[in-house]
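[1] Got a predicted model here, sequence first, then my questions.
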Amino acid sequence: MSEVLAEKLAKLAPEATVIGCSAESVLGVRTEIEHQIAASVIVIAGLQAAPKPFNVEYQPTADGPSLFGLPDALLEESIPGSGLLLLADPFSFPIDLMTDRIAQESPGLPILGGYASGTAGPYECGLIMNDEGSLLGAVGLLLPPEIQIQPLVSQGCRPIGSPMTVTKVDEGTILELSGKPALPQLRSLYEESSTSDQELMLKSLLIGLAVYDVDGKQMPHDFLVRQCLGVDDDVDGVVLPEPARVGQSVQFHVRDSETAHADLQVACKRVESSYGQPLATLLFTCNGRGSRMFSEPHHDANVLDHYFPNAPLAGFFAAGEFGPVGSKSFAHGFTATAAVLYVAKPE
């Protein structure tokens, strides 16, 4: 199916640079089309030079896991681009390997995009690059300098309690927070919380891990939010999906539809107040959002249209969203990320 779509797009716009992927649901201006046959396409014309797409694949080698197909431009000290759009197959592409590589080779370059959704296995995600379909790995596009990209990341959470410092860890388990056993502190936070917050903590307890800038300095207001996997009563620990660092600040978080709505508003307002009306916006929202999270239809698309009225919008519901927190990009869940595009101002 993706080969047919790729061929049709190539015939409709033979000179166009194309990347795309399959998705269970798509977005447009003030519209979210869920679980129906639909396509969301955005066309940007008038660039001085067409950007070159690439297909990158993961392969294990004798020297360890490796990525093949990355363009040389991504690995240069002076990056000839403003940001990277990336669409990936969730079954064949480890995004962390990509984000770690870019953070090392091209620090500060934002990666926006998401995992294809609505598929049951590899070869089904329908990655498209120009007239090719059914690709594995990921397809990407380095945006040219004449297009300025402003990342928008809304993790849809709010903090509860106060930030604490990790003082003892054992791999993915936090054993101590601010010098005291972690689990008793979490229990005290639960007892001190409102009834509504207690319910949210029981449904889905989250934790924010402070992120660091390119010089290793902790960013005081940026937290990478991850779901707590559980607790370990034997060691009074809190179990995370990835290790925390001794000395790192953390704060527990909760999420519901009201919090997700408010957080998206804040993220949009931050970009709108600084940069104004965009050329276009590409939105990647979690497939757990939409009608699964919000009572009103077309929620995320409507919020973006409120802050960026009538700006062209395209996007899809992803099985994981890519976007930066601090100076590094990550994969997220239950998050809305967007590449807000502007015409670069002449220097």
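    Ah, there it is.
[2] CA atoms for contacts and neighbours, from now on please.
    Fine.
[3] Can you check the pLDDT for the most far-flung residue of the chain relative to its centre?
    Computed with C-alpha atoms, centre = their mean, the maximum C-alpha offset from the centroid of the chain is found at Asp234, amounting to 34.6 Å. Per-residue confidence at Asp234 stands at 96 (pLDDT).
[4] tell me the contacts of it?
    Applying C-alpha atoms under 8 Å, 6 or more residues apart in numbering to Asp234 gives no contacts.
[5] where does it land in three-state SS?
    coil (DSSP: H, G, I helix; E, B strand; the rest coil).
[6] Next: Asp100.
    Strictly by three-state DSSP, Asp100 counts as helix.
[7] List the contacts of Gly140.
    Counted by C-alpha under 8 Å, 6+ apart, Gly140 has contacts 19, 53-56, 84-87.
[8] got it, and Leu282?
    313-315, 338-340 are the contacts of Leu282 under C-alpha under 8 Å, 6+ apart.
[9] In which helix or strand does it reside?
    Using DSSP states H and E, Leu282 sits in strand 280-286.
[10] buried stuff in that strand?
    Neighbour-count burial for strand 280-286 flags 280-286 (criterion: 16 or more other C-alpha atoms under 10 Å).
[11] do stretch 263-275 as well
    By 16+ other C-alpha under 10 Å, the buried positions in stretch 263-275 come out as 263-265, 267-269, 271-272.
[12] what mean pLDDT does it have?
    In the prediction, stretch 263-275 has an average pLDDT of 95.
[13] what sits up against that stretch?
    If you take C-alpha under 8 Å, 6+ apart as the criterion, stretch 263-275 is touched by 150, 152-158, 300, 303-304, 307-308, 336.
[14] ok so, going back, convert the strand holding Leu282 to PDB, retaining C-alpha atoms only.
    The C-alpha coordinates for strand 280-286 follow below in PDB (Å, rounded to 0.1, in the frame of the first residue of the first chain):
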ATOM      1  CA  ALA A 280       3.200  25.900   9.000                       C
ATOM      2  CA  THR A 281       3.100  23.400  11.800                       C
ATOM      3  CA  LEU A 282       3.700  19.600  11.900                       C
ATOM      4  CA  LEU A 283       2.000  17.900  14.900                       C
ATOM      5  CA  PHE A 284       2.800  14.500  16.300                       C
ATOM      6  CA  THR A 285       0.400  13.500  19.100                       C
ATOM      7  CA  CYS A 286       0.300  10.300  21.000                       C
END
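[15] What mean pLDDT does that strand get?
    On average, the pLDDT along strand 280-286 is 97.
[16] could you point out which element follows it?
    Taking DSSP H and E, what comes next after strand 280-286 is helix 299-307.
[17] Report all helices and strands that that next one contacts.
    Judged by 3 or more C-alpha pairs under 8 Å, 6 or more residues apart in numbering; DSSP states H and E, helix 299-307 is in contact with strand 31-34, helix 257-275.
[18] Quick one: distance of the shortest one to the chain centre.
    Taking the mean of its C-alpha atoms, strand 31-34 sits 19 Å from the chain's own mean (C-alpha atoms, centre = their mean, to the nearest Å).
[19] who are the neighbours of it, in terms of helices and strands?
    Counting by 3+ C-alpha pairs under 8 Å, 6+ apart, the packing neighbours recorded for strand 31-34 are strand 25-28, helix 299-307.
[20] Quick one: distance of the last one to the chain centre.
    Okay, so that is helix 299-307. Counting by C-alpha atoms, centre = their mean, helix 299-307 comes out at 18 Å from the chain centroid.
[21] Let me see the ranges of the helices in the chain.
    Here the chain has its helices, by DSSP state H, at 2-12, 95-105, 182-192, 195-203, 257-275, 299-307.
[22] So what's the gap between stretch 262-269 and the chain middle?
    Distance, stretch centre to chain centre, for stretch 262-269: 15 Å (C-alpha atoms, centre = their mean).
[23] Then stretch 255-265?
    Chain-centre distance of stretch 255-265: 16 Å, with C-alpha atoms, centre = their mean.
[24] shaky segments in the stretch 201-347 of the chain?
    212-221, 346-347 (pLDDT under 70).
[25] Report the residue ranges of every domain in this structure.
    Under the assignment automatic domain parsing, the domains of the chain span 2-155+258-343, 158-254.
[26] Could you point out which of the helices and strands packed on helix 299-307 sits nearest His332?
    With C-alpha to C-alpha as the criterion, His332 lies closest to helix 257-275 of the helices and strands packed on helix 299-307, at 13.8 Å.
[27] follow-up on the earlier one: what's the most buried one of the helices of the chain?
    Each of the helices of the chain was scored by mean neighbour count; the highest is helix 299-307, a mean of 19, by mean count of other C-alpha atoms under 10 Å.
[28] can you state the direction angle for that helix and strand 280-286?
    150 degrees (axes from the mean of the first three to the mean of the last three C-alpha atoms, to 10 degrees).
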